[in-house]
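Chemist: fold the stuff below for me.
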Amino acid sequence: MNFVGKINREIYKCITEDIITDEVIITDERIAHIEENHTGHFKNYGVYLQEIVEKPDYIFSGNRVKTALVLKHVLEIDEKFKTIIRLVTPSDDKTYKNSIITFMKIDEKEWNRLKKNKKVLYKSE
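Modeler: Prediction:
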């Protein structure tokens with residue numbers, strides 16, 4: 001289990017009101033999954049995960065219950081990212097933390113497709 005950062009629960013409550021922790025982690029298994037399916041993305045861009053989860057540009061509802069689809073344009077490197085975060089609520093095991101499910105660099109076309117086809121639940125100012 002690797003600590004990523006802390007979410008602002010006020011921002012992420014657009015997904016679910018009852019988030020029980022602000023801590024976000026990523027497991028070794030998820031890191032392996034990301035590297036297997038999106039080679040080099042975690043190795044090259046994982047250092048930006050904290051910024052992505054703590055300062056999202058957009059949040060949409062994920063495909064599963066209690067998941068947030070987060071988009072972030074990291075200006076420092078002029079790259080765009082999509083991250084899925086599973087949020088922990090009282091119905092989950094009390095030892096669980098919010099966790100990164102997947103993470104990838106995306107192109108402008110995918111960025112625009114998501115913004116067009118998904119309902120925006122949060123947009124940074």
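
Chemist: now do the contacts for the residue most central in space within the chain.
Modeler: In the chain, the centroid-proximal residue (Cα atoms, centre = their mean) is residue 83; its distance is 3.5 Å. Counting by Cβ atoms under 8 Å, 6 or more residues apart in numbering, residue 83 makes contact with 49, 52-53, 69-70, 72, 100, 102-104. For the C-beta atoms, the positions are set from N, CA and C on the backbone; glycine is no exception.

Chemist: for the strand or helix carrying it, the distance to its chain's centre please.
Modeler: In this assignment (DSSP states H and E), residue 83 forms part of strand 79-86. Put simply, strand 79-86 sits 4 Å off its chain's centre (Cα atoms, centre = their mean, to the nearest Å).

Chemist: and whichever helix or strand comes after that strand, what does it pack against?
Modeler: Later in the chain than strand 79-86, the nearest helix or strand by DSSP H and E is strand 98-106. When contacts are defined as 3 or more Cβ pairs under 8 Å, 6 or more residues apart in numbering; DSSP states H and E, strand 98-106 sits against strand 23-26, helix 28-37, helix 41-45, helix 49-54, strand 79-86.

Chemist: contacting residues around stretch 4-22?
Modeler: By Cβ under 8 Å, 6+ apart, the list of residues contacting stretch 4-22 reads 23-26, 49-51, 53-54, 56, 59, 61-62, 66-68, 85, 87-90, 92, 94, 97-98, 100, 121-122.

Chemist: look at residue 125 and report its pLDDT.
Modeler: The predicted structure scores residue 125 at 83 on the pLDDT scale.

Chemist: good, we can wrap up now.
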